[in-house]
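In: Give me coordinates for this.
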Amino acid sequence: MSRKKIKIRHLFVDKKIILTGPESTGKSTLAKQLAQVYNTVWVPEFARTYLKGLNRPYREDDLLKIAQGQRDLESFFSKKTNQYLFCDTSMLVMKIWSEYRFGKCHPWILEQLENEKNAIYILCGTDILWEYDEQRENPKDRNELYAKYLSELKFYQKEFIEVAGSQEVRISQVARFIN
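Out: Numbers count the residues shown, from 1 in each chain. Now for the predicted structure:
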C-alpha cells in the first residue's frame, strides 16, 4: 500500500474576520471565543497596549502609530493561524474614531482600509451593556456610532454581517455566515 503525501496548509489565511463596532459591544470576547471554536488565533487590539504605556492623553498622531502597530500585529498573527484570522479591531475602527474624535483621518489609514481584501466584518450590536474601562470614553453615543459603522461598511462595499444577542447567539450567527 502506497502512502499519499498530504500537504497541510500553514501560514496562510483564507479569510480575515474583523470584529467591529462601537466600544463595549463584545468584540474582544467574541474574537477570543471564535478563535477557540475554529482552533486558530485572534489578533488583540494594539491600542490597549499602546495607550496603557502612554503617560499622557492620546493625540491625533497617536492614532496613526496605533494603526501601524495593529497592522504589524495582524502580520505577526497571520503566521500562526490556520484558515481564519479573527481580528479584534481594524482600520475601519481607526477611521471612524479618528474622524469622530479629531474630525479627520490620516491618509495611510484610509489607504489600508480601502485595500483590505479577503476580509469579512462582524458588526457587533449595542445590545450588550456598556462597561467601564479606563480606556473607554464614549458610553452615550453607541447607537450613533453603530449607524456610522453600518454606513461605512456599506460605503466601502465590505462583506459583513450584523450580530446581536448573547455570545452563544452571536457565535452561531457568525458560524452560519462564514461557513
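In: drop to CA atoms for contacts and neighbour counts, all remaining ones
Out: Will do.
In: Just the CA coordinates for the strand or helix carrying residue 146, please, in CSV.
Out: In the assignment (DSSP states H and E), residue 146 maps to helix 142-155. Below are the C-alpha coordinates for helix 142-155, written out as CSV (Å, rounded to 0.1, in the frame of the first residue of the first chain):
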residue,chain,number,x,y,z
ARG,A,142,-23.0,54.0,20.8
ASN,A,143,-26.1,53.9,18.6
GLU,A,144,-24.9,56.9,16.7
LEU,A,145,-21.6,55.2,16.2
TYR,A,146,-23.2,51.9,15.3
ALA,A,147,-25.0,53.7,12.5
LYS,A,148,-21.7,55.2,11.3
TYR,A,149,-20.1,51.7,11.2
LEU,A,150,-23.0,50.4,9.2
SER,A,151,-22.9,53.3,6.8
GLU,A,152,-19.1,53.0,6.3
LEU,A,153,-19.3,49.2,5.7
LYS,A,154,-21.9,49.8,3.0
PHE,A,155,-19.9,52.7,1.5
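In: Off-centre distance for stretch 117-133?
Out: 8 Å (Cα atoms, centre = their mean, to the nearest Å).
In: actually stretch 172-179, not the one I wrote
Out: 16 Å.
In: Could you list the buried residues of that stretch?
Out: 173, 174 (16 or more other Cα atoms under 10 Å).
In: mind checking the SS state of the residue nearest to residue 162 when sequence neighbours are not counted?
Out: Nearest non-adjacent residue to residue 162, counting by Cα to Cα, 6 or more residues apart in numbering: residue 123, 4.7 Å away. Secondary structure for residue 123, judged by DSSP: H, G, I helix; E, B strand; the rest coil, is strand.
In: Contact partners for residue 123?
Out: 19, 20, 21, 149, 150, 160, 161, 162, 163 (Cα atoms under 8 Å, 6 or more residues apart in numbering).
In: I'd say the last one and residue 122 touch.
Out: Yes: using Cα atoms under 8 Å as the test, residue 163 is close enough to residue 122 to be in contact (6.8 Å).
In: who's more crowded, these two?
Out: Higher neighbour count among residue 163 and residue 122: residue 122, with 26 against 19, using other Cα atoms under 10 Å.
In: of the contacts of residue 123, buried ones?
Out: Buried, going by 16+ other Cα under 10 Å: 19, 20, 21, 149, 150, 160, 161, 163, out of those.
In: what's the lengthiest helix in the chain in contact with?
Out: Secondary structure of the chain read by DSSP state H shows that its longest helix is helix 60-78. Helix 60-78 is contacted from outside by 11-13, 41-43, 45-47, 50, 85, 87, 90-91, 94, 98, 102, 106, 108-109, using Cα under 8 Å, 6+ apart.
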